[in-house]
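A.B. asks: Mind looking at a prediction? Sequence and model below.
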Amino acid sequence: LNVIEGDQRSLCVGANICKETQRVEPKISRMPSPMTILPLLASAVGGALAFAPASPTMHAAGRSQWGMGRTCAVRSGVAPICTRGSRLQLAGLRAQSGSSTAERDDLEDRTNAHGVGLLQNPFDEDGRCGAFPGLPGDLLKKKEYDVPVPAGTPALDPWSEAGGLPAGCPEDPFVLVSAELAPFTDSIKDVVAAEHPILSEAAKHFFAKKQGKRFRPTIVMLMAKATAAVPSAHTEGEVYRKQAELGQITEMIHVASLIHDDVLDEADTRRGGEAVHKLYSNKVAVIVGDYLLARASVVLAKLQNTEVTEIMSTALESLVQGEIMQIKTGEEDLLDMMTYLRKSYHKTASLICDACKSCAILGGHASNSEVARAAEEYGYHLGLAYQIIDDVLDFTSASDVLGKPAMADVSLGLSTAPVLYAAENIPEMRPMIKRKFKQEGDIERTLRYVMQSDGIDRARALALFHAQRAVNAMCRIPESEERNALITLAHLVLSRKS
């Protein structure tokens, strides 16, 4: 991976062909630029794919084996691209020079796990709803969204007086996999151990002291059991071990993205404690995040499953794309709800969605099977519901409850669901959104407008829409205690306070 800096910056993956002839090593002792950090985030993609074996499925599809038939090409205004055969692996960033003011930097569309059918593409070429609905109104646009709801599917109702857990669902889903997750901290600390004491200490920071909710590993382990032939007996064996390692991979990728995000956002706290870059430095934080991604890619390659490797590498790619969207969204797009949902998918839901799909595949289900597709759909909708509620809590919860500063998103210039819904009825908010709340008093006025509007209620309704779609998808697989625990998670995502 080379980071080339000059009048134009370009990203070279797996190749030494660059538009610039002068190579400059990135300097990150100061606040790193997004273009310095994002290549680090992407580096694990190449690391995992480089060691992944080709599967019979891939050969049947007529694709080249990994490492064979690979070529690199340079297109005008685009960073070098590495392809295997005719299939695009990773596109670069559009060059800035010569572009009109209407254009913005963004990751180009590429053919990846979505294009070859391993994943369903959630968005079409125009950025609108794709395989899954993004807004309730989308249900009227495509008949494929009108999927019959299985009999007995519970209806989530977390905020009404009569609201509570759906009948038959366990109250605490974390207990069902507590035994499996008990050694999680020690195991993952061993995985991220490094020879350099500072790197090792910083890498273990989240896992040793601020364990968080272990939300993503819990989803993976519950999905592993729910998609097994006999869920209650699925507690050991090679398949179960690989699924447990997938949980570790997912958490390492998530924590690495948090560390990088905190550097980009200049955040002081995370999970109720100091952010890694505040404890050490920006440079150490960036290297630690990259190290976690590198370790995750090694564990991913050891799973010896090419489909899972490609899917999880796509999740890494989505994280980069989401960060680019957050940095470079145009003024008009800042007012667009689907742009917000796409960014939320890339930054939050994609990792959950791809981990759920990968877990089902590791369990022996074909990528296009009903079980794998239901797992994927569950992860997509649950991830979006989680992010939307997170954005609601940014307005309704104090910073000591959130574990991060309240109103942090607005302070960063981000327009989230409560803001966008409020702006539909309060025109005065739109100029503030376009200038990313940069003028004095914008943040205070935004808080006042949102709280006096129906923005919070409508955002919660959107989260409920996605959480219910997640429950509907999960009810397409056979009932078990673990499947019902995943339904409980959807309820908890809506009703959580932090």
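C.D. replies: Perfect, thanks for sending it.

A.B. asks: can you give me the strands for the stretch 201-350 of the chain?
C.D. replies: Ranges of strands within the stretch 201-350 of the chain are 269-270, 273-274, based on DSSP state E, counting those that start in this stretch.

A.B. asks: Least reliable of these by average pLDDT, please.
C.D. replies: Ranked on mean pLDDT, the bottom entry among these is strand 269-270, at a mean of 58.

A.B. asks: pLDDT weak spots in this structure?
C.D. replies: Along the chain, segments meeting pLDDT under 70 span 1-111, 115, 183-197, 199-213, 265-275, 278-280, 398-406.

A.B. asks: cutoff 80 now
C.D. replies: For the chain, applying pLDDT under 80 flags the ranges 1-112, 114-117, 161-163, 180-213, 260-282, 284, 398-407, 498.

A.B. asks: Show the backbone phi and psi for the closest residue to residue 413 other than its chain neighbours.
C.D. replies: Residue nearest to residue 413 in three dimensions, not counting chain neighbours: residue 436, with 2.9 Å by CB to CB, 6 or more residues apart in numbering. From N, CA and C alone the C-beta is placed, and that goes for glycine too. Taking degrees, to the nearest 10, you get phi 60, psi 40 for the backbone angles of residue 436.

A.B. asks: wait, residue 436 sits on residue 335?
C.D. replies: No - using CB atoms under 8 Å, residue 436 is not in contact with residue 335; the gap is 11.8 Å.

A.B. asks: ok so, going back, next one: the residue nearest to residue 413 relative to residue 312, how far apart?
C.D. replies: Distance of residue 436 to residue 312, given as CB to CB, to the nearest Å: 32 Å.

A.B. asks: what's the answer for residue 282, then?
C.D. replies: Distance, residue 282 to residue 312, using CB to CB: 27 Å.

A.B. asks: Just want to know which of the two has more residues nearby.
C.D. replies: Legend: neighbour count by other CB atoms under 10 Å for residue 282 and residue 312, higher for residue 312 (28 against 21).

A.B. asks: gap between the more buried one and residue 366?
C.D. replies: Residue 312 is 17 Å from residue 366, by CB to CB.

A.B. asks: now residue 264
C.D. replies: Distance from residue 264 to residue 366, counting by CB to CB: 38 Å.

A.B. asks: With neighbour numbers in mind, choose between the two.
C.D. replies: Ranked by neighbour count (other CB under 10 Å), residue 264 and residue 366 place residue 264 first, with 20 against 13.

A.B. asks: pretty sure that one is touching residue 320, no?
C.D. replies: No - between residue 264 and residue 320 there is no contact under CB under 8 Å: 11.8 Å.

A.B. asks: so who does residue 387 touch?
C.D. replies: By CB atoms under 8 Å, 6 or more residues apart in numbering, the contact list for residue 387 reads 344, 347-349.

A.B. asks: Let's have those in CSV, adding distance to residue 177 and neighbour count.
C.D. replies: CSV is the format used below for the contacts of residue 387 (distance: CB to CB, whole Å; neighbours: other CB atoms under 10 Å):
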residue, distance to residue 177, neighbour count
344, 26, 25
347, 25, 21
348, 21, 22
349, 21, 28
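
A.B. asks: Mark which of the residues you listed are part of helices, please.
C.D. replies: Among these, the ones falling in helices (DSSP state H) are residue 344.

A.B. asks: and which of the contacts of residue 387 is nearest to residue 445?
C.D. replies: Of all the contacts of residue 387, residue 445 sits closest to residue 344, with 24.1 Å by CB to CB.

A.B. asks: Am I right that that closest one is in contact with residue 388?
C.D. replies: Yes - with contacts counted by CB under 8 Å, residue 344 reaches residue 388, the gap being 7.1 Å.

A.B. asks: Identify the residue nearest residue 438 in space, chain neighbours excluded?
C.D. replies: Nearest residue to residue 438, sequence neighbours excluded (CB to CB, 6+ apart): residue 413, at 6.8 Å.

A.B. asks: so who does the one you found touch?
C.D. replies: Applying CB under 8 Å, 6+ apart, the residues contacting residue 413 are 436-438.

A.B. asks: among the residues you listed, who's most crowded?
C.D. replies: Counting neighbours by other CB under 10 Å, residue 437 leads the contacts of residue 413 with 23 neighbours.

A.B. asks: Quick check: it is in a strand.
C.D. replies: No - counting by DSSP: H, G, I helix; E, B strand; the rest coil, residue 437 falls outside a strand, being coil.

A.B. asks: looking at it, it is touching residue 444, isn't it?
C.D. replies: No - contact criterion CB under 8 Å: residue 437 and residue 444 do not qualify, at 9.7 Å.

A.B. asks: Tell me how many other residues crowd residue 241.
C.D. replies: Using other CB under 10 Å: residue 241 sits among 12 other residues.

A.B. asks: how near is it to residue 304?
C.D. replies: The gap separating residue 241 from residue 304 is 12 Å, by CB to CB.

A.B. asks: tell me which element residue 424 is part of?
C.D. replies: Using DSSP states H and E, residue 424 sits in helix 417-425.

A.B. asks: Next secondary structure element downstream of that helix?
C.D. replies: Sequence order places helix 429-434 as the next helix or strand after helix 417-425, per DSSP H and E.

A.B. asks: relative to helix 417-425, how tilted is the helix or strand just after that next one?
C.D. replies: Following helix 429-434 in sequence order, the next helix or strand is helix 442-452 (DSSP H and E). Interaxial angle, helix 442-452 versus helix 417-425 (axes from the mean of the first three to the mean of the last three CA atoms, to 10 degrees): 80 degrees.

A.B. asks: Identify each buried residue in helix 442-452, please.
C.D. replies: 442-443, 446-447, 449-450 (16 or more other CB atoms under 10 Å).

A.B. asks: Which of those residues lies at the shortest distance from residue 128?
C.D. replies: Among the buried residues of helix 442-452, and counting by CB to CB, the member closest to residue 128 is residue 450, at 25.8 Å.

A.B. asks: contacting residues around that closest one?
C.D. replies: Residue 450 makes contacts with 395, 418-419, 422, 456, as judged by CB under 8 Å, 6+ apart.

A.B. asks: Need the nearest residue in space to it, chain neighbours excluded.
C.D. replies: Nearest one to residue 450, counting by CB to CB, 6+ apart, is residue 422 at 4.7 Å.

A.B. asks: hang on, the one you found packs against residue 455?
C.D. replies: Yes - at 3.3 Å, residue 422 counts as touching residue 455 under the criterion of CB under 8 Å.

A.B. asks: what do those two both touch?
C.D. replies: Contact criterion CB under 8 Å, 6+ apart; residues shared by residue 422 and residue 455: residue 449.
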